[in-house]
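Q: no sequence for this one, just the structure:
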Ligand SMILES: NC(=O)c1ccc[n+]([C@@H]2O[C@H](COP(=O)([O-])OP(=O)(O)OC[C@H]3O[C@@H](n4cnc5c(N)ncnc54)[C@H](O)[C@@H]3O)[C@@H](O)[C@H]2O)c1
């Protein structure tokens, strides 16, 4: 996150606007503008050279009106408390947009995980779970992977929590490998969900996906798989991809499977044969049909939004677009599929994973993908329908309204808003 842009302030402003547009009581904003609980923990880790290093970790539990807190754990050197709080708030909104029975949470550790050995990474992962174990559990708070964490880290965390409880606790965390209670399709879920929303957006805007041009910023879990699916399943031409080390641009299109193999071998997309390394600004302003920001926050700002030429922006990343940029993109009639919708496939299949863990009965990949498609299409239509009905919100505003309507309805029903009765409020959003 860049220093001058605070994504927690941004998400609070957006909630404030949506609460007002929905004619909801101010107390809805007051509750949603801060997480219900935030933990800061010190994690001592024995490094391979014997030294004890202390890492700082966070867990933010934003709101659990709709169900247990749910959200990933990020390992990154720039993690900070406001970022974790913002990410947990987005999780509450995302789960509500998708109508999955969860609240929002998020965790993070300030660490450059690439500098740690496997042993150090395992000790850090286990130490973090021991530190926050009292507020975790399958019915309380269920973490998942995010930037810098993966299925292996989830396995260590699940194992540590199982030791703490003295029994297997598969349902306490999602994004696990299939062999230890993971779900088929989870690795691809965020990207596949993003692709489902792109397909819906293409239908409503009349864009032919076969041959459509795509640019992807961030060639990690979300970006690389989204690029692969768009190429292999929809016939899109992927013009450029980037990662933190550089980019690969080829106007004739990149072979994404080959780029994945190149990155796995060299650690970077830069230098991929036949491609050119272009700057981040050049990449974002390429002539293309679809832009998928899939790196980190605050990438599309008032400094570069005017130069973007894409017709559709699908936010694989959380918080890639600032409010000033949103206004510029709206003026340019670019359809932005907001993060709380476009990247919600991950939490949706995490929910499926948790359901399968509770039942001890597992679905095949086709079942998972079909269920995911139904959820994503329904969520897209709810948000797009409201966006078309109200002329005063963009897709992000519409998604926030759908989410806040659901969360506030649950809060009213649970009596968190005092004696006010939900039905007395004039409702603008019809819930499914
Ligand atoms: N993994 C999930 O299931 C999931 C779910 C929902 C949202 N997200 C969001 O998607 C985004 C990416 O997550 P991920 O899991 O793919 O992480 P990841 O660590 O696998 O990938 C991130 C990628 O972004 C690249 N990157 C970092 N800074 C960059 C920059 N300035 N320019 C270009 N590339 C840059 C990294 O090199 C890496 O390739 C994050 O915002 C995350 O919160 C992830």
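A: It's in. This structure is a prediction, so every number in the text was calculated from the model and none was measured.
Q: can you give me the strands for the stretch 101-250 of the chain?
A: Secondary structure of the stretch 101-250 of the chain (DSSP state E, counting those that start in this stretch): strands at 104-110, 141-145, 213-217, 237-243, 246-249.
Q: Apologies, that question was intended for the stretch 301-432 of the chain.
A: So, for the stretch 301-432 of the chain - with DSSP E, counting those that start in this stretch - the strands run 312-314, 335-337.
Q: can you list those in TSV and add mean neighbour count, distance to the ligand and mean pLDDT?
A: No exception for glycine: its C-beta is placed from N, CA and C like everyone else's. Output for the strands of the stretch 301-432 of the chain, formatted as TSV (neighbours: other Cβ atoms under 10 Å; distance: least, Cβ to the nearest ligand atom, whole Å; pLDDT from 0 to 100):
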stretch	mean neighbour count	distance to the ligand	mean pLDDT
strand 312-314	26	11	98
strand 335-337	24	13	98
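Q: Check this protein for the residue nearest the ligand and tell me.
A: With Cβ to the nearest ligand atom as the measure, residue 220 is the residue of the chain nearest to the ligand, at 1.6 Å.
Q: and that residue, what is it in contact with?
A: Each residue near residue 220 by Cβ atoms under 8 Å, 6 or more residues apart in numbering is listed here: 147, 243, 294-295.
Q: which SS class is residue 263?
A: helix (DSSP: H, G, I helix; E, B strand; the rest coil).
Q: Would you mind listing what in the protein touches the ligand?
A: The interface of the chain toward the ligand, taken as Cβ under 6 Å from any ligand atom, is made up of 145-148, 190, 217-223, 242-244, 280, 294-296, 316-318, 343, 346.
Q: What is the burial count for residue 248?
A: Residues lying near residue 248 (other Cβ atoms under 10 Å) number 27.
Q: who does it bridge with?
A: Counting by DSSP bridges, residue 248 is bridged to residue 241.
Q: Now do the same for it: its pLDDT.
A: On pLDDT, residue 248 comes in at 98.
Q: now residue 427
A: We have a pLDDT of 57 for residue 427.
Q: just the one 3 residues further on next, same as before
A: pLDDT recorded at residue 430 is 56.
Q: Then residue 4?
A: Confidence at residue 4, expressed as pLDDT, is 68.
Q: when you give positions from now on, start the count at 633
A: That works, and once the first residue is 633, the last one we named lands at residue 636.
Q: Show me where this structure has its helices.
A: For the chain, applying DSSP state H gives helices covering 639-653, 658-664, 713-730, 750-764, 783-797, 818-837, 853-866, 888-898, 912-916, 955-963, 971-974, 977-991, 997-1021, 1027-1046.
Q: how about CSV for these, with mean pLDDT added?
A: Shown next, in CSV, are those (pLDDT from 0 to 100):
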stretch, mean pLDDT
helix 639-653, 95
helix 658-664, 95
helix 713-730, 98
helix 750-764, 98
helix 783-797, 98
helix 818-837, 97
helix 853-866, 97
helix 888-898, 98
helix 912-916, 96
helix 955-963, 96
helix 971-974, 97
helix 977-991, 98
helix 997-1021, 97
helix 1027-1046, 96
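Q: for the ones you listed, which one ends up most surrounded?
A: Of the helices of the chain, the one with the most neighbours on average (mean count of other Cβ atoms under 10 Å) is helix 971-974, at a mean of 30.
Q: Show the contacting residues for residue 982.
A: Going by Cβ under 8 Å, 6+ apart, residue 982 touches 702, 774, 776, 806-807, 815, 818, 821.
Q: do residue 680 as well
A: Applying Cβ under 8 Å, 6+ apart, one finds that residue 680 lies in contact with 749, 751-752.
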